[in-house]
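>>> coordinates only, sequence not included:
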Ligand SMILES: Nc1ncnc2c1ncn2[C@@H]1O[C@H](COP(=O)(O)OP(=O)(O)OP(=O)(O)O)[C@@H](O)[C@H]1O
């Protein structure tokens with residue numbers, strides 16, 4: 001990542017997100033900021049020429065002029081400070097708006113379909129997408145807003161003060177200042193490029209460090225059983241060290257940039273006097289009195305110092321610009337990956353729909369149709385399943401068995417659309433959810449919120465829309481799942497709890513709660529991936545019986561032979577992609 005064309009393209013794309021229309025709120029805020037900043041500049045100019053007026057009234061010993069000038073100066077200063085504060089306030093508001101717009105934009109793609117899964121599990125070229133969305137976007141918007149008003153106003157101030165400087169010093173003043181600025185910019189550009197690359201790397205390491213802490217937080221219990229404190233301490237410190245090492249290197253590179261910026265600042269302040277000295281020594285102001293000359297010098301000095309100041313401010317922004325460039329690359333990379341994945345997903349969906357419309361050979365009671373499907377694990381050549389043809393239809397419960405790592409869950413991933421098959425055709429002829437298929441993954445999933453929200457998940461609202469009837473259903477299904485006591489612990493279905501469900505439920509309780517959810521959703525097809533592995537055989541029997549009574553067709557992965565009685569087919573996966581599909585005989 002550098003300050004190159006790619007940076008410009010990514011930056012412009014982000015700007016298009018931040019300012020989607022001319023009438024958008026962000027544009028209006030920007031225009032207001034421009035108005036306030038311009039007004040501020042007008043007042044600054046008036047404040048800037050006050051010292052020269054003081055020279056004049058003091059030189060002429062004009063007391064009433066002095067009083068008037070002091071009154072005007074006080075008013076201008078109050079106005080100036082108010083405008084400056086407003087400027088800051090609008091910048092802060094813009095920061096919040098930008099963050100909202102950009103984060104929501106990224107969320108839209110991130111949570112679309114299974115993009116978040118693909119990005120986190122299968123896409124290895126994008127590191128820490130969570131950190132990019134939460135931290136990098138925040139820093140990008142903060143840095144942008146901190147330089148917004150300075151950047152926005154600079155064309156106006158540069159134009160105005162160049163004209164003023166030209167009027168007072170002729171072409172020599174503005175031209176020498178411009179040349180000075182161009183040299184400064186070229187030097188700074190060279191110093192900034194390595195910083196951008198380093199910053200991108202530093203943010204990656206920052207994400208890795210945070211992830212390590214998150215890993216400990218989520219797995220605190222198993223880690224504590226292993227007495228993993230010492231080893232995790234070493235590993236976490238190791239990540240911290242490499243992060244700090246990169247930060248030190250970044251600071252080393254920034255040192256050269258700061259040397260460049262400060263030299264530019266101080267040489268600039270001398271340059272302003274050189275610009276004024278030229279007409280003074282060349283005799284342009286030979287006929288002026290000393291008081292008049294000092295007033296004129298003060299006025300001219302303000303103009304040229306201000307012009308140099310404008311350029312210096314731009315150069316001073318170099319460190320902010322290099323930060324913005326770093327974050328732009330990280331957010332830009334994420335945006336590109338998100339757009340690519342969501343486009344791919346849309347393509348797949350439309351292709352699936354096209355097939356759905358054209359191919360009407362599949363009977364209406366079929367959920368999945370697999371034709372000569374082969375699949376291997378992502379980024380590996382290991383063949384898990386070869387040429388599997390299968391139809392999963394209503395009433396034909398299927399049990400998938402096989403040794404560890406033979407691809408049982410992988411087959412479910414293909415059915416669920418998380419993975420693509422390497423060969424063959426997989427059709428899902430039903431929908432996800434209450435009228436179609438619901439998956440219970442191997443690791444139960446809970447969200448934050450009340451007990452009701454856990455049971456009705458992923459539905460957002462009560463289903464069906466009948467308050468008390470729904471409550472009764474939930475209570476009944478919690479009882480069927482053997483979780484009536486949970487209701488007492490939570491203090492009711494809708495009691496807000498501030499605990500983490502993973503910490504307070506045992507693995508068995510988690511599986512029971514997943515079943516309560518399944519009963520509530522009551523889909524036509526239930527895909528259960530070792531969903532009763534933490535429960536006794538008796539409880540397993542109970543839960544499976546309830547599923548059958550509720551009319552669900554089951555596709556289960558499991559190791560226990562006791563499961564066979566609930567299924568009519570058994571698919572055994574063997575090593576090397578081999579498989580056997582047999583009908584289970586009833587005694
Ligand atoms: N995201 C992934 N990237 C690469 N390989 C993976 C990924 N997920 C799983 N695998 C590999 O794919 C193979 C099949 O995994 P799968 O989870 O389907 O096994 P399984 O048959 O369900 O095993 P188990 O009985 O232990 O649940 C394993 O060798 C596993 O290491």
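Looks like it came in fine. What you see is a predicted model; the values in this text were computed from it and never measured.

>>> Residues of the stretch 51-200 of the chain that sit close to the ligand?
Proximity of the stretch 51-200 of the chain to the ligand is confined to residue 121 under the rule Cβ under 6 Å from any ligand atom. From N, CA and C alone the C-beta is placed, and that goes for glycine too.

>>> In the stretch 51-200 of the chain, which residue sits closest to the ligand?
Taking Cβ to the nearest ligand atom, the ligand has its nearest neighbour within the stretch 51-200 of the chain at residue 121, 5.1 Å off.

>>> How many residues are close by that residue?
Neighbours of residue 121 under the rule other Cβ atoms under 10 Å: 13.

>>> Over to the one 5 residues further on?
The burial metric for residue 126, expressed as a neighbour count using other Cβ under 10 Å, is 16.

>>> Give the helix, strand or coil label for the residue in the chain sticking out farthest from the centre.
In the chain, the greatest distance from the average C-alpha position (Cα atoms, centre = their mean) is reached by residue 287, at 66.0 Å. Using DSSP: H, G, I helix; E, B strand; the rest coil as the criterion, the local structure at residue 287 reads coil.

>>> do the one 4 residues further on as well
The local conformation at residue 291, judged by three-state DSSP, is helix.

>>> Excluding sequence neighbours, find me the nearest residue to it.
residue 59 (3.3 Å; Cβ to Cβ, 6 or more residues apart in numbering).

>>> count of residues packed around residue 445?
For residue 445, using other Cβ under 10 Å, the count is 15.

>>> contacting residues around it?
Shown in contact with residue 445 (Cβ atoms under 8 Å, 6 or more residues apart in numbering): residue 457.

>>> Close to the ligand: what parts of the protein are there?
Residues of the chain lying near the ligand (Cβ under 6 Å from any ligand atom): 121, 377-378, 380, 384, 402, 404-410.

>>> Out of those, which end up buried?
384, 402, 406, 407, 408, 409, 410 (16 or more other Cβ atoms under 10 Å).

>>> Which of the residues you listed sits closest to residue 86?
residue 409 (58.3 Å; Cβ to Cβ).

>>> Give the helix, strand or coil label for residue 459.
coil.

>>> hey, where'd the helices end up in the stretch 251-400 of the chain?
For the stretch 251-400 of the chain, the helices defined by DSSP state H, counting those that start in this stretch cover 290-316, 318-358.

>>> Turn those helices into CSV, including mean neighbour count.
Shown next, in CSV, are these (neighbours: other Cβ atoms under 10 Å):
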stretch, mean neighbour count
helix 290-316, 20
helix 318-358, 18
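
>>> Throw the ones you listed into CSV and include mean pLDDT, thanks.
Shown next, in CSV, are these (pLDDT from 0 to 100):
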stretch, mean pLDDT
helix 290-316, 78
helix 318-358, 80
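
>>> give me the element the residue nearest to residue 484 when sequence neighbours are not counted is part of.
The shortest distance from residue 484 to any residue other than its chain neighbours is 6.1 Å, reached at residue 478 (Cβ to Cβ, 6+ apart). Using DSSP states H and E, residue 478 falls within helix 467-480.

>>> now for that helix, which elements pack on it?
In terms of contacts (3 or more Cβ pairs under 8 Å, 6 or more residues apart in numbering; DSSP states H and E), helix 467-480 is packed against helix 451-456, helix 484-490, helix 507-521.

>>> and of the helices of the stretch 251-400 of the chain, who's closest to residue 180?
That would be helix 290-316 among the helices of the stretch 251-400 of the chain, by Cβ to Cβ, at 7.5 Å.

>>> Tell me what angle that closest one forms with helix 318-358.
40 degrees (axes from the mean of the first three to the mean of the last three Cα atoms, to 10 degrees).

>>> Hmm, residue 278 is touching residue 176, no?
No. Contact criterion Cβ atoms under 8 Å: residue 278 and residue 176 do not qualify, at 9.0 Å.

>>> Settle it for me: which of these two has more neighbours?
residue 176 (18 against 15).

>>> That one contacts residue 270, doesn't it?
No. At 11.9 Å, residue 176 does not count as touching residue 270 under the criterion of Cβ under 8 Å.

>>> Are there residues contacting both of those two? Which ones?
With Cβ under 8 Å, 6+ apart, residue 176 and residue 270 have no common neighbours.

>>> How far off centre is the helix or strand bottoming out on mean pLDDT in the chain?
Within the chain, no helix or strand scores below helix 290-316, which has a mean of 78 by mean pLDDT, DSSP states H and E. Distance of helix 290-316 from the chain centroid (Cα atoms, centre = their mean, to the nearest Å) equals 44 Å.

>>> got it, and stretch 125-139?
That offset, for stretch 125-139, works out to 5 Å (Cα atoms, centre = their mean).

>>> how long is it end to end?
22 Å (Cα to Cα, to the nearest Å).

>>> ok so, going back, which one in the residues of the chain next to the ligand is the model shakiest on?
When these are compared by pLDDT, residue 380 scores lowest at 80.

>>> Quick check: the gap between that residue and residue 433.
32 Å (Cβ to Cβ, to the nearest Å).

>>> Contacts only, for the closest residue to residue 416 other than its chain neighbours.
Spatially, and ignoring its direct neighbours in sequence, residue 416 is nearest to residue 439 (5.5 Å; Cβ to Cβ, 6+ apart). With contacts defined as Cβ under 8 Å, 6+ apart, the neighbours of residue 439 are 412, 416, 527, 529.

>>> Kind regards, and thank you for your time.
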